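Undergrad: what's the 3D shape of this:
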Amino acid sequence: QVQLVESGGGLVQAGGSLRLSCTASGRTFSNFAMAWFRQPPGKERECVAAVSWRGGDSHYADSVKGRFTISRDNAKNTVYLQLNSLKPEDTAVYYCAADSVRWGCFDNYDYWGQGTQVTVSS
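TA: Alright, predicted model coming up:
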């Protein structure tokens, strides 16, 4: 089992920045590819960004490319999502997820965190 705990969400004005963190426990963190998803109110969950096991490869949704950056620190068992130039449409609950087999944007990750709310005011 892997436990994932997100933090760093909050209320920010449009154009502002936030950094989300997701800390893992229970298994060797470097054995897992990681991703961030989000679910806006009343909408489907979508993959925002993903990073490979050692952080050498990353992938972004077109809607966040150039504004968000995913990174990981395997020594700290933590994956980050830096959110810059935030827009009201970025408002969502953000989840981190872990998978031991594949990396990238796909729905059936093995493990999920509980989510952290990001609200962007106009």
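
Undergrad: Double-check residue 34 against residue 77; I have them as touching.
TA: No - counting by CB atoms under 8 Å, residue 77 is not a contact partner of residue 34; they are 10.4 Å apart. Yep, even glycine has a C-beta here, placed from its N, CA and C like the rest.

Undergrad: Can you show me the strands along this protein?
TA: 3-7, 10-13, 18-25, 33-39, 46-51, 58-60, 68-73, 78-83, 92-99, 111-112, 116-121 (DSSP state E).

Undergrad: list the buried ones in the third one?
TA: Taking 16 or more other CB atoms under 10 Å as the basis for neighbour counts, the residues of strand 18-25 that come out buried are 18, 20, 21, 22, 23, 24.

Undergrad: Format these as a markdown table; extra columns: pLDDT and distance to residue 50.
TA: Formatted as a markdown table, the buried residues of strand 18-25 follow (pLDDT from 0 to 100; distance: CB to CB, whole Å):
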| residue | pLDDT | distance to residue 50 |
| --- | --- | --- |
| 18 | 98 | 19 |
| 20 | 98 | 14 |
| 21 | 98 | 16 |
| 22 | 98 | 12 |
| 23 | 98 | 18 |
| 24 | 97 | 15 |
